[in-house]
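what shape does this take:
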Amino acid sequence: MSAAPQTATTGDWRVVAACAAVMLAEGFDLLIYGNAIPSLLMDAGMAMDKVSAGRVGSMVFVGMLLGGLAAGRAVATFGLARTVIPGFLLFTAATAAIAWARDGVQLGALRLVAGLGLGVVLPATLALARANVQPRHGALAISIVMAGLPLGGMLAAVVSQQLIPAGGWRPLFLAGGALGAVLVVVLGPLLVRAARLLPGQAGADWRGLFTRASRPVLALGALATFAELLAWYGIGTWLTQLMREFQIPFNGAMQLMFTLNTGAIVGSLATAALAIRLGTRTVAIAASLCAAACLVLIASRLLPGWGLFAVIALLGMSAISAQNLVNALVADAFPARHRAAAIGMTLGLGRLGAVTAPVLGGQILAAGHGPSWVLLAFALSALLGAAVLLGLDRRRIEACLASLS
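Presented below is the predicted three-dimensional model:
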């Protein structure tokens, strides 16, 4: 196995915290669109319906798919430092520019560009955080970083409640651009310094990623990611609109979105701690099954008000945790020099689930089947994720790591 970077000996948790802040900006930029959908549908100048809103919602994930697939090559060519910062700047600028979009085509194109930056930054940031902690803390580091996504979504819900009633959806995207600009100025020097301390990044042969033992891990990781992201981003994109269709007022829907992301933050940390004790795969499977059960309960419409808040909090805790732990399993299966490429590939291909989710939700609603059927479709996807995770056992992961060492 290649030598670990010096920082991994004791762990540099400042780098992990900085990577989590990057993910906060990603989460804000990703999830503000779901909050903006009701306002977009009422904006006559944009001329968008539920189907077109779903298509536009998918464009960011198409970009993330392409960016994720390109991440390994980008890191191998330029190194982590020259990959993370330009990608961060790209999605920040594209998000701010959305405030001036004149129609759904421009909005979709800019979401695609933002997705390219987001897709490159996510695996590179996860690899950077993972390389700066001890191996036994890998799942915890990745979960802390990924907790930034729902934290950004929670911030987006708070900001949306203030900005949308006062000024519509456009100021929301300006706020996303401003947040990214501040963070890149504050965190950029630390991230660049940390990335340059890691050996074996630029110049690594990314094609060496593929061996007989690694291919099944990559395939299973991508399929599990597909299923988990379809469930998570499906609910992240459509929760506000689904709750409106359940006759819940806008402020109530925003509170539920806030609750979803609060649960995701708590769940990311709690399940990572459990994974250290019980095993990453075991906890990931349990989280997937829990998410499916929560979605079925919400779809039943039998929950009282307090029960709905409780189940949505539990959904947030479980749905995002399942994907965090899939990322951790993939990271554990590859040495440091291949980690960004491996995570980028499974996340990139798995983004097809995130691409599918907004379109699927829009099509189900447009066909008149109602919001409960949307939730049940996402529940089936979470069940698929649990089934796929059965194949990512310790024997397969250790064989993959040994084949690349």
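
contacts only, for residue 23.
When contacts are counted by Cβ atoms under 8 Å, 6 or more residues apart in numbering, residue 23 touches 122, 125, 145-149, 151-152. Bear in mind the C-beta positions are built from the backbone N, C-alpha and C, glycine included.

ok, the closest residue to it other than its chain neighbours to residue 244 distance?
Sequence neighbours aside, residue 148 is the residue nearest to residue 23 in space, at 2.9 Å (criterion: Cβ to Cβ, 6 or more residues apart in numbering). Using Cβ to Cβ, to the nearest Å, we find residue 148 at a distance of 27 Å from residue 244.

likewise residue 290?
25 Å.

more crowded one of the two?
Shown here are residue 290 and residue 244; by other Cβ atoms under 10 Å, residue 290 has more neighbours (21 against 17).

can you tell me which helix or strand the more buried one belongs to?
Per DSSP states H and E, residue 290 falls inside helix 280-300.

show me how far the helix or strand hosting residue 76 is from its chain's centre.
Assigned by DSSP H and E, residue 76 belongs to helix 50-78. Here the centre of helix 50-78 is set off from its chain's centre by 12 Å, with Cα atoms, centre = their mean, to the nearest Å.

for residue 374, give its distance to residue 391.
From residue 374 to residue 391 the distance is 28 Å (Cβ to Cβ).

please read the previous query as pertaining to residue 109.
With distances taken as Cβ to Cβ, residue 109 is found 38 Å from residue 391.

repeat that for residue 404.
In terms of Cβ to Cβ, residue 404 sits 19 Å off from residue 391.

again, but for residue 238
Counting by Cβ to Cβ, the gap from residue 238 to residue 391 is 29 Å.

those two - which one has more neighbours?
Counted by other Cβ under 10 Å, residue 238 and residue 391 do not tie: residue 238 has more neighbours, with 28 against 15.

how many neighbouring residues does the spatially closest residue to residue 56 that is not a sequence neighbour have?
Nearest residue to residue 56, sequence neighbours excluded (Cβ to Cβ, 6+ apart): residue 108, at 4.4 Å. Applying other Cβ under 10 Å, we find 20 residues neighbouring residue 108.

how about the one 5 residues further on?
Per other Cβ under 10 Å, the neighbour tally for residue 113 reads 20.

leaving out sequence neighbours, find the closest residue to the residue nearest in space to the middle of the chain.
By Cα atoms, centre = their mean, the chain has its centre lying nearest to residue 149, at 6.3 Å. Distances taken as Cβ to Cβ, 6+ apart put residue 27 closest to residue 149, at 3.7 Å, once the chain neighbours are dropped.

now do residue 122
Among residues not flanking residue 122 along the chain, residue 347 sits closest, at 6.2 Å (Cβ to Cβ, 6+ apart).

how about the contacts made by that neighbour?
Residues in contact with residue 347, defined by Cβ under 8 Å, 6+ apart, are 64, 68, 119, 122-123, 225, 327.

including pLDDT, secondary structure and distance to residue 338, could those go into a markdown table?
As requested, the contacts of residue 347 are exported to a markdown table (pLDDT from 0 to 100; DSSP: H, G, I helix; E, B strand; the rest coil; distance: Cβ to Cβ, whole Å):
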| residue | pLDDT | secondary structure | distance to residue 338 |
| --- | --- | --- | --- |
| 64 | 84 | helix | 20 |
| 68 | 81 | helix | 15 |
| 119 | 86 | helix | 18 |
| 122 | 85 | helix | 16 |
| 123 | 84 | helix | 11 |
| 225 | 94 | helix | 17 |
| 327 | 88 | helix | 14 |
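
could you single out the nearest of those residues to residue 299?
Nearest to residue 299, judged by Cβ to Cβ, of the contacts of residue 347 is residue 225 at 23.6 Å.

quickly note the distance from the closest residue to the closest one other than its chain neighbours to residue 218.
Setting aside the residues directly before and after it, residue 225 is nearest to residue 350 in space (Cβ to Cβ, 6+ apart), at 2.5 Å. Distance, residue 350 to residue 218, by Cβ to Cβ: 11 Å.

what about those two, which has more around it?
Neighbours were counted for residue 350 and for residue 218 using other Cβ under 10 Å; residue 350 has more, 29 against 21.

surely the more buried one meets residue 219?
No. Residue 350 is beyond contact range of residue 219, at 10.8 Å (criterion: Cβ atoms under 8 Å).

what ranges do the strands span in the stretch 51-200 of the chain?
Here the stretch 51-200 of the chain has no strands by DSSP state E, counting those that start in this stretch.

picking up where we left off before, name the helices or strands packed onto the helix holding residue 76?
Using 3 or more Cβ pairs under 8 Å, 6 or more residues apart in numbering; DSSP states H and E, the elements in contact with helix 50-78 are helix 13-42, helix 81-97, helix 104-131, helix 214-245, helix 336-366.

quick one on the thing from earlier: most neighbours of all the contacts of residue 23, which one?
That'd be residue 125 among the contacts of residue 23, by other Cβ under 10 Å, with 33 neighbours.

run a quick neighbour tally on residue 400.
Neighbours around residue 400, by other Cβ under 10 Å: 27.

report the separation between it and residue 348.
18 Å.

with residue 152 instead?
21 Å.

next: residue 218.
Applying Cβ to Cβ to residue 218 and residue 348 gives a distance of 11 Å.

now residue 175
Distance from residue 175 to residue 348, counting by Cβ to Cβ: 28 Å.

what does residue 70 give?
For residue 70, the distance to residue 348 equals 8 Å [Cβ to Cβ].

who has more neighbours out of the two?
residue 348 (25 against 19).

pretty sure that one contacts residue 73?
No. Residue 348 is beyond contact range of residue 73, at 10.9 Å (criterion: Cβ under 8 Å).

so what sits against both of these two?
Common contact partners of residue 348 and residue 73 (Cβ under 8 Å, 6+ apart): none.

quick one: contacts for residue 239?
Residue 239 neighbours (Cβ under 8 Å, 6+ apart): 34, 253, 256-257, 260, 312.
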